[in-house]
Structures are given as C-alpha cells and as structure tokens.
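# how would this look folded up:
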Amino acid sequence: MNESGRRGPNTGGNRGDGHNSRGARGESHRNAQGRERNRGPQRGFSANAPAQRTRRADPARLVAFEVLRAVASEDAYANLVLPARIRHHHLDKRDAGFATELSYGALRGQGTYDAVLARCVDRPLSKLDPAILDALRLGAHQLLAMRVPAHAALDQTVGLARAVIGAGPSSLINAVLRRVSARSLPEWLDYLLEDESDETRIASIRHAHPEWIVRALRQSLVAHGRPANEITELLDADNAAPVVNLVALPGIGNLDEAFENGATAGELVADSALSSGGDLGRMSSIREGTTRVQDVGSQLVARAVVGVELGSATGKGEKWLDLCAGPGGKAALLAALAHREGATLLANEPAEHRAKLVRQALGAVPGDTWTVRVGDGRDVGKEQPGTFDRVLVDVPCSGLGALRRRPESRWRRTPKDLADLGPLQRELLNSAIDAVKPGGVVAYVTCSPHPAETTAVVGDVLRKRTDVEQIDAGAALDAVSLTGSLGAGHELSAQLWPHVHSTDAMFLALLRKKP
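Now for the predicted structure:
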C-alpha cells in the first residue's frame, strides 16, 4: 500500500465513476435490506487526533479538491478544469486516474452524500464553509464508494483540509467523517429511506439526481416511446463513467496513435474509437486537432445531416451551415466532411470567446473550406435566406442528456431552464429553416431528451409553417451507423439513450424545405 492509502492499481484506474466496489448504486442497494441499521463505527480508521495526522495534501486529492472548488465558486465545468489541474500538479497516469474518479464521483454523488452528511453534521449544510463541505464530499466518496481504506480516507482528507483550508476545520471534518464511516453506502441508503414511500424521492437519493430531473427523465422516456420503468437503468447510466469517445476527422486524421495508446475501434460509427482515458492531451493527434474527443451521439447526428438526400440535386459546391457552432466539436467534423465532399461550411457563434474556440477546433481543416461568423443565429435566416443546402442547429438546451459527462450540471439546472430556453430554441429553428434552400435539409439537435426541448419545439414550428416537412431521422441515423439499427421504434424523430446506445441522450429531427 502506498503512502496515501490507495489500494492496488484498480483503486483509481482510469474510471471516473467511483463504482468499483460496494458503493455501486442500483439494484445492490435494494438487496441490502435487513442489515443492521445502527451499527457503530466498526470499519477501520485512524485513532490519531487531527493534529497527529498528516499536514500535507496528497496531490491527487488536491487536484480533486481544486476541481470541486472551481465548480462551486467559479461555475466552472469539471471536464475543462480537471485536465489543466492534472498537468499543473504533474500527476502520473495512476494518480490522474484516482483524481478523475474522485472528482467526478464526488460531483455525481453529491445529492446522496449531502443527504448522508446532513445526518452527521450538527448544523444545516448551507451553514458550512463551502470549502469544508467540498472536503467532506470528497471524504464521503472515498469512504462510501471507492476502494480506499477508511483510515486512509479519513487521514488524507483531514490532511488536505489542514493544508489548504486551515487547522481549525480539521476537528469538524474528523468528527463528521467518523460518523460517515459508521455505515456502508447501502446501509446509509436503507437508513435514510426507511420511512420514505415517494418513488421519486427514493430514486433521487439512491441515484443522486434532483427530484425534478428524475421526473423529467421519466417523462422523457414515456414521451419517446420507452417504458417508464427504465428510469432506474437511465439513472444508473448517468452515474457510470462514460468511455471516452474519439473521432478522427475524415480525410484528415487517423486513429493509429489512439490505438497505440490502448483505444479500441468504435462499434457505432466510422472513424471512431473508445479510449480508456488518461491525459489525452499527450497525444500529438489530439493536440493537432486531427483526432478529437467527441461523444458518438454527436458524431452520428453530424453525419446524419450530411448523409441525407436533398430534395433537389445540388452536386459539388454545396453550402452548409452550423448555426450554433460553439465550442466547435460538431463544426470540426462537419468541416472535414465538407472538405471531402467539395462543400463549404459557415460556422456561426454569437459569443466571441466561443467563436475563438470554434476557430481553434476548425484549425486542422483547410481554411478555404470554412468561415466563422460571430453573430446571433436568429438573424442568419433574415440576412441569408434560402442560401444553404444543409443546416445543423444544435440549440442551447438543458443538457439533461449529458449528465454522465457533466455531473455538475444536474445540481445547477432548474425546471425554469426548460421554460426559458423554449422560445430561443423555436426562434433558432425558424431561422435555420429560413436560411435553407428549397429542397435543403435542417437537422434540429439537442443534448436533451425532454419533450419540452425536442418534440414540442419541432411540433410547434411545423404547425406554424407550410414550407417544410419532417423526414425520417431514424433512417438517416441507420444509414450512417455501423449497426444500422439505431432508428428502430422511432416515428420520424430519433432519440438516443445512454442506457440503450451508450451515447449521450441526443435528439435528432430532420426537416426538408419544400421546393
């Protein structure tokens, strides 16, 4: 065992889910009925007083703490902060894997851990210093969902607090985590839910999702023709660390370096690979932008709009538009496909700082293929009516379909976001339709399965227009997938699911402008 108490090479690994042992959420928790509920602190932990424990911060745990602090205090995204902090602290592959698991696991499980901590703290959690609460969440995740010995989790968390917060909080953190260590996670869940009968509340605590999101996702399943009882599988999929998806830009990049670093070929779409993770920035193809990190669902919807047949023959020289291009992932894939097909791409982004990211993303594609426009996408249809053959409008949305990749989003979003985004989504879709040529195709895409952002938006727009018709998006997905079976069961629009397709929950609707 090393000094920080991490046990063996599988302790952190390259996974970020924190579900390597008894902490796994799901069916195993419901099988824990009958265990002793009031067991004392029998699991091993250090008997040392806080002042006798380490006074330094283990680098991997320090990285995880810095990620949680940035997320909470700066509204940052973990997937953007974590790689930079790993490089800053010069973590090796093993410690980087541990930091990744600890960061993402603590963020995903925040709701469950807060419910546990609330029973172990003598004041409302909102009254705790935010830095102390983040340290407690990291300690709780190690104690309840990682293969870290209890004494090491306790010792190292107190040491972290002494090093970066101060000596004062160490006694509080020590006392609280001792109480947390008195039960395993299944036992805590049984204890917390012993008198609870509300199914939504139970699912919220067991699977660490806000109650409104549990209800929203259950509604989404039903709206897209899936059984409501799949909600448990969907929530479990949100809490599993997603495999890193890679894409080699067609005609520009290749996956040779990825395969040399342990990646395997993707099973759903061409030019894709599945990576075990690590610091992908060390790969030259990633740094150069010829290979990119991109969820396979995003790859599929971008390819679908390119592959669908137009209503009128255009031939070479097609003009394509990515109406909401930032930060540039789908735009890069579209631009590479446009270069191969002899087309050109206009990538629109309203914010200058995000437009800079789009330019960087497009940098690997020959510059005569693409142009970046900085401006409101709602104006493009008026300024350039009937101009484009293919338009992708990946609208701003709640992101409920990408909670496994952005674990902090579940605690940031509110039901009000759905209502606030609806008008913008409709306006952008109308602009896209105005901008497309007769016979051209518009792909309406969201990373959310919620009907308020998907079928309701498309339905409202179609009811008010006579110049556009909906075409079969499921068939378009099948045409560009390696399996040819993604569109089954859909009625024109298509919805991908984490628990079914191992993708983000991407929604796709295809509309063709009438000649």
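
# Provide the strand pairings for the helix or strand hosting K437, with the direction of each partner.
If you go by DSSP states H and E, K437 is part of strand 436-446. Taking DSSP bridges as the criterion, strand 436-446 forms sheet pairs with strand 388-394 (parallel), strand 507-513 (antiparallel).

# Return the helix or strand encompassing L421 as CSV; C-alpha atoms alone will do.
Here L421 sits within helix 415-435, counting by DSSP H and E. The C-alpha coordinates for helix 415-435 follow below in CSV (Å, rounded to 0.1, in the frame of the first residue of the first chain):
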residue,chain,number,x,y,z
PRO,A,415,-37.1,23.5,-14.2
LYS,A,416,-37.1,27.2,-15.1
ASP,A,417,-34.3,26.5,-17.6
LEU,A,418,-36.7,24.4,-19.7
ALA,A,419,-39.2,27.3,-19.9
ASP,A,420,-36.5,29.9,-20.5
LEU,A,421,-34.8,28.1,-23.4
GLY,A,422,-38.0,27.1,-25.3
PRO,A,423,-38.6,30.5,-27.1
LEU,A,424,-34.9,30.6,-28.1
GLN,A,425,-35.0,27.1,-29.5
ARG,A,426,-38.0,27.8,-31.6
GLU,A,427,-36.5,31.1,-33.0
LEU,A,428,-33.3,29.3,-33.9
LEU,A,429,-35.1,26.5,-35.7
ASN,A,430,-37.2,29.0,-37.6
SER,A,431,-34.0,30.9,-38.6
ALA,A,432,-32.5,27.7,-39.8
ILE,A,433,-35.5,26.9,-42.0
ASP,A,434,-35.4,30.4,-43.4
ALA,A,435,-31.7,30.0,-44.2
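
# Only the buried residues of it, if you could.
By 16 or more other Cβ atoms under 10 Å, the buried positions in helix 415-435 come out as 417-418, 421-422, 424-435. Any C-beta I mention is one placed from the backbone N, CA and C, and that applies to glycine too.

# which one of those residues is nearest N229?
Closest approach to N229 among those (Cβ to Cβ): L418, at 23.4 Å.

# my guess is that closest one meets S398, correct?
Yes: applying Cβ atoms under 8 Å as the test, L418 and S398 come out as touching, 5.8 Å apart.

# so what sits against both of those two?
Counting by Cβ atoms under 8 Å, 6 or more residues apart in numbering, the residues touching both L418 and S398 are 450, 453.

# that older thread, so which of the strands paired with strand 436-446 is nearest P451?
Evaluated over those, closeness to P451 peaks at strand 507-513, with 9.5 Å, by Cβ to Cβ.

# Torsion angles phi and psi at the residue nearest to the spatial centre of the chain?
Centroid-nearest residue in the chain, with Cα atoms, centre = their mean: R405, separated by 2.0 Å. Dihedral pair for R405: phi -90, psi -20, per degrees, to the nearest 10.

# ok, and the closest non-adjacent residue to it?
Closest residue to R405 apart from its sequence neighbours, by Cβ to Cβ, 6 or more residues apart in numbering: P242 at 5.6 Å.

# did I read that right, the one you found in a helix?
No: read with DSSP: H, G, I helix; E, B strand; the rest coil, P242 is coil and lies in no helix.

# what's the distance between it and H501?
For P242, the distance to H501 equals 12 Å [Cβ to Cβ, to the nearest Å].

# Next, please give the residue ranges for the helices of the stretch 301-450 of the chain.
329-341, 352-362, 380-383, 409-412, 415-435 (DSSP state H, counting those that start in this stretch).

# which helices and strands does the last one pack with?
Judged by 3 or more Cβ pairs under 8 Å, 6 or more residues apart in numbering; DSSP states H and E, helix 415-435 is in contact with helix 211-223, helix 380-383, strand 388-394, strand 436-446, helix 455-463.

# Show me how far it is from its chain's centre.
The chain centroid and the centroid of helix 415-435 are separated by 22 Å under Cα atoms, centre = their mean, to the nearest Å.

# now swap in the second one and tell me
In terms of Cα atoms, centre = their mean, the centre of helix 352-362 is set 21 Å apart from its chain centre.

# Tell me which residues of it come out buried.
Those would be 355-359, 361-362, for helix 352-362 by 16+ other Cβ under 10 Å.

# Let me know the angle separating it from helix 329-341.
Helix 352-362 runs at 40 degrees relative to helix 329-341, counting by axes from the mean of the first three to the mean of the last three Cα atoms, to 10 degrees.

# what sits up against helix 352-362?
289, 292, 325-329, 331-332, 335, 347, 349, 370, 372, 374.

# ok, now the first one?
Under the criterion Cβ under 8 Å, 6+ apart, residues 247, 249-253, 289, 292, 294, 298-299, 301-303, 305-306, 316, 318, 320, 322, 325, 343-345, 347, 358, 361-362, 364-366, 369-370, 392, 394 lie in contact with helix 329-341.

# Contact partners for T264?
Residues near T264 by Cβ under 8 Å, 6+ apart: 273-274.

# Look up how far L249 lies from it.
Per Cβ to Cβ, T264 is found 19 Å from L249.

# can you check E230 too?
Distance of E230 to L249, given as Cβ to Cβ: 35 Å.

# more crowded one of these two?
It is L249, of E230 and L249, that has more neighbours when counted by other Cβ atoms under 10 Å, with 23 against 17.

# Tell me what A509 is bridged to.
Residues in beta-bridge contact with A509 (DSSP bridges): Y444.

# That one and I471 touch, don't they?
No: between A509 and I471 no contact is recorded; they are 9.0 Å apart, counting by Cβ under 8 Å.

# Now C397: phi and psi?
Reported as degrees, to the nearest 10, the phi and psi values for C397 are phi -150, psi -180.

# Test for you: state the pLDDT assigned to it.
As predicted, C397 sits at a pLDDT of 96.

# Okay, it and L424: tell me how far apart.
In terms of Cβ to Cβ, C397 sits 10 Å off from L424.

# all helices for the stretch 101-250 of the chain, in order.
Using DSSP H, counting those that start in this stretch, the helices of the stretch 101-250 of the chain run over 110-118, 130-145, 150-164, 170-180, 185-193, 199-207, 211-223, 231-238.

# Remind me what the longest one packs against, helices and strands.
Read it as helix 130-145. Using 3+ Cβ pairs under 8 Å, 6+ apart: helix 130-145 touches helix 59-74, helix 93-108, helix 110-118, helix 150-164, helix 170-180, helix 185-193.

# what comes up buried for that helix?
131-145.

# Ok, stretch 206-222 next?
For stretch 206-222, burial by neighbour count (16+ other Cβ under 10 Å) applies to 206-210, 213-221.

# Equivalent analysis for stretch 402-418, please.
Residues of stretch 402-418 classed as buried by neighbour count (16+ other Cβ under 10 Å): 402-411, 413, 417-418.

# now, among the residues you listed, which is nearest to D467?
L418 (27.8 Å).

# What is the burial count for the closest residue to the closest one other than its chain neighbours?
In space, and not counting its chain neighbours, L418 is closest to A452: 4.8 Å by Cβ to Cβ, 6+ apart. Residues within reach of A452, counting by other Cβ under 10 Å, total 21.

# Three-state assignment for A452, please.
Here A452 is recorded as coil under three-state DSSP.

# so it touches Q425, yeah?
No: counting by Cβ under 8 Å, A452 stays clear of Q425, with 9.1 Å between them.

# So L462 sits against T455, correct?
No: L462 is not in contact with T455 according to Cβ under 8 Å; the separation is 10.3 Å.

# the more surrounded of those two?
Just comparing L462 and T455: by other Cβ under 10 Å the higher neighbour count belongs to T455, 20 against 16.

# Derive a PyMOL selection command for the buried subset of the contacts of helix 329-341.
In PyMOL, a selection of the buried entries from these looks like this (16+ other Cβ under 10 Å):
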select buried, resi 247+249+250+252+253+289+292+294+298+299+301+302+303+305+306+318+320+322+325+343+344+345+347+358+361+362+364+365+369+370+392+394
